[in-house]
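>>> predicted model, plus sequence, below.
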Amino acid sequence: MARVRPAGWLLGAGALVLLYALPWLVDTVRTRMAVEILYFGLFAVSFNLLFGYGGLLSFGHAATFGVGGYTLGLLLKAWPAMPFLVALAGAALAGALAGFVIGLFCVRLRGTYFALLTLAFSQFLFAVAFKWRAVTRGDDGLIVRTSDMVVPGVGTLALGEPATFYVLELTVVLLCLAAAWRFTRTPLGAAVVLMRENDERAAFLGYNAFLTKLIVSRWPPPWPRWRGRSSRPSSGSSPRPPSTSPWAPSSSSWPCSGAPAPSSVPSSAAPSTPSSRTGSRRPRRTGSSSSGSASCS
Amino acid sequence: MFPFPVYATQALHGLVYGMLLFLVSSGLTLVFGMMGILNIAHAAFYMLGAYLAYTTVGWTSAFWLSLLTAPVAVGILGGLCERFLLRRTHAFGHAYELLLTFGLFFMIQEATRWVWGSYTLQVAVPAALQGSVPFLGSQYPVYRLFILGVSTVICLAMAAVLLLTRTGIVIRSAVSDAQMVSALGVNTALLSTGVFAVGSALAAVAGVIAVPFVQADLAMGTTILVDTFVVIVIGGFGSLLGALLASLMIGELQSFGILWFPEFALVFEFVLMAAVLIIRPQGLFGEKG
């Protein structure tokens, strides 16, 4: 790795300070926007890990995003007293587990077949989220009040406040980014790239393609999940009631895998989601409001 | 459970939707067979067909005219996409082609939103096809039978072209081995563009005949896209016969799924698709890839 020069450190530190100070520099609307930018950014990074590094084009990436979001929401709903970070860890774990199980089946296939099988799984999860109204409340979305976070020695953080939430989210996102960056520099991370370039050759060299692909397919999911949960509490559309924006099923619909935008449509405009038209034969997925491009290395 | 006519009506519904699905997925599976491209934008062409029908009907109030204008316009667009976009991406491999068509899908969808707005647009059933006919003691809408008729005719015409004409033989050979056909002196590049254009036009035809029955909205592309994926996976990539059988299967599965297990109807096809991919990735009629 190239050595980072002092000017680089200074620039990085400045950017960091600026990032943390952002909520006090801009108004609430823009803070909310920054919250969305952060979690979609993390989503893109996790997708890049999968496709850019691993060469695995997955249409099911948003499914793990959805699993994370729903897990956090349901955990907090079932045990309102649960500390936020515990629920967060639970959500990350559930997402990783979902990614692992899906990966178990998918990584044996390649190219288009892989993409389509991940699509099938993500559509399956979407259908479950959409139809299992008793648990997920279907198209209405899941509305959860976030409990405040108690930090020993600091006091209570009101997560309903966009600024507080932003700071927490930024911290989590930065930690995830650091972990992802670190991962690409481990031997395992290098093996992943090797696999993308030529998995036959990698196999000759003694790498287990199946295992490596499986690991990478499971690895990124934790990040989406993180954001998964971040998005719900943060983007409440009404200013006061904290964290009441519903987590809608379209967040796990497949177009999200490549175009991060769609999920933002329902999560901020959920009470009148365009997809909740009555009488539609099948659930309609809302289109993307802006086209975010999937990251490819 | 239900009286017999309910089953019969439901079976007919499934047949109608299945044939519509076949119109869309036949182009998709042919293109995949020849070029190895899973064209996600195909569903956007279907949607575009529906919106163009709306405009044609709005300007000339002639529904029949839209059966000509929409496929021609969409066919040209499809040909251009293949010639100027996909061919350039070919060298980078299938994942990039997949992403390109994925991007095209969203571009067309957003362009449609820009031009026509986000509203659901209605196209009236042409006067000659309004009303319903008695069917086993109940009534069945004539227009659905029209959909069934048109798609059956197109299906037969396609079979005739592919099985009986020289072009058809060349196309079928290109599906099984494009490189070899090219080595024999056939201009496969031109053939690819042609097949892509015709496939897009077929999707547009499906869009036109579907629009009085489903209405044009921005989600119609996504809705049918997933179903066509399921169809070509189950039928086998590149197999027309497989696409036909799988289309009818999915049509009936949805139709009866809604009747018996309304809660889970949506889940069945994906479970089926996942099962096929896991147990027999080449599908029912596909060749091992």
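Received it, and whenever you're ready, just let me know what you need.
>>> C-alpha from now on. contacts and neighbour counts both.
OK.
>>> for B:Pro141, what are phi and psi?
phi -60, psi 130 (degrees, to the nearest 10).
>>> neighbours around it, how many?
Close neighbours of B:Pro141, defined as other C-alpha atoms under 10 Å in any protein chain shown, add up to 14.
>>> so who does it touch?
For B:Pro141, the contact set (C-alpha atoms under 8 Å, 6 or more residues apart in numbering or on different chains) comprises B:Gln130, B:Gly131, B:Ser132, B:Val133.
>>> ok, the first one touching B:Val142?
Yes: at 6.3 Å, B:Gln130 and B:Val142 qualify as touching, with contact defined as C-alpha atoms under 8 Å.
>>> out of the two, which sits in the busier spot?
B:Val142 (17 against 12).
>>> for that one, what are its contacts?
So B:Val142 contacts B:Leu129, B:Gln130, B:Gly131, B:Ser132, B:Val133 (C-alpha under 8 Å, 6+ apart).
>>> tell me the mean pLDDT for the helix or strand encompassing B:Ala174?
Per DSSP states H and E: B:Ala174 is located in helix B:166-183. Per-residue pLDDT over helix B:166-183 has a mean of 86.
>>> buried set for that helix?
For helix B:166-183, burial by neighbour count (16 or more other C-alpha atoms under 10 Å in any protein chain shown) applies to B:Gly168, B:Val170, B:Ile171, B:Arg172, B:Ser173, B:Ala174, B:Val175, B:Ser176, B:Ala178, B:Val181.
>>> please determine how far the last one is located from B:Ile108.
So that's B:Val181. Separation of B:Val181 from B:Ile108 (C-alpha to C-alpha, to the nearest Å): 33 Å.
>>> again, but for the third one
Using C-alpha to C-alpha, we find B:Ile171 at a distance of 28 Å from B:Ile108.
>>> ok, now the second one?
To B:Ile108, B:Val170 is 31 Å away according to C-alpha to C-alpha.
>>> and the longest helix anywhere in chain B with helix B:166-183, angle?
Counting by DSSP state H, the longest helix found in chain B is helix B:4-35. Between the axes of helix B:4-35 and helix B:166-183, defined by axes from the mean of the first three to the mean of the last three C-alpha atoms, to 10 degrees, the angle is 40 degrees.
>>> average pLDDT for helix B:4-35?
Helix B:4-35 carries an average pLDDT of 86.
>>> ok now the next helix or strand after that helix, how far from the chain's centre?
Downstream of helix B:4-35, the next assigned helix or strand under DSSP H and E is helix B:42-60. How far helix B:42-60 lies from its chain's middle: 14 Å, per C-alpha atoms, centre = their mean, to the nearest Å.
>>> packing partners for helix B:42-60?
helix B:4-35, helix B:63-81, helix B:94-116, helix B:188-214, helix B:220-235 (3 or more C-alpha pairs under 8 Å, 6 or more residues apart in numbering or on different chains; DSSP states H and E).
>>> could you rerun that using 7 Å?
In terms of contacts (3 or more C-alpha pairs under 7 Å, 6 or more residues apart in numbering or on different chains; DSSP states H and E), helix B:42-60 is packed against helix B:63-81, helix B:94-116, helix B:188-214, helix B:220-235.
>>> any chance of these in a markdown table, with mean pLDDT and mean neighbour count too?
Output for those, formatted as a markdown table (pLDDT from 0 to 100; neighbours: other C-alpha atoms under 10 Å in any protein chain shown):
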| stretch | mean pLDDT | mean neighbour count |
| --- | --- | --- |
| helix B:63-81 | 91 | 21 |
| helix B:94-116 | 89 | 19 |
| helix B:188-214 | 90 | 25 |
| helix B:220-235 | 86 | 25 |
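>>> does B:Tyr140 belong to a helix, a strand or coil?
At B:Tyr140 the chain is in strand, as set by DSSP: H, G, I helix; E, B strand; the rest coil.
>>> pairing partners for it in the sheet, please.
For B:Tyr140, the beta-bridge partners are B:Val133 (DSSP bridges).
>>> burial measure for B:Ile258, as a count.
So B:Ile258, with other C-alpha under 10 Å, has 16 neighbours.
>>> so it is in which element?
helix B:240-260.
>>> helix/strand/coil for B:Gly286?
coil.
>>> can I assume it is in contact with B:Leu240?
No: under the criterion of C-alpha atoms under 7 Å, B:Gly286 is not in contact with B:Leu240, lying 9.5 Å apart.
>>> among the two, which residue is more densely surrounded?
Between B:Gly286 and B:Leu240, B:Leu240 has the larger neighbour count (other C-alpha under 10 Å), namely 25 against 22.
>>> in contact with the more buried one: list those residues for me.
B:Ser26, B:Thr29 (C-alpha atoms under 7 Å, 6 or more residues apart in numbering or on different chains).
>>> repeat that with 10 Å
With contact taken as C-alpha atoms under 10 Å, 6 or more residues apart in numbering or on different chains, B:Leu240 is in contact with B:22, B:25-30, B:33, B:155, B:158-159, B:232, B:246, B:285-286.
>>> chain A: which of those residues is nearest?
Each of the contacts of B:Leu240 was checked against chain A using C-alpha to the nearest C-alpha; the closest is B:Ile232, at 10.3 Å.
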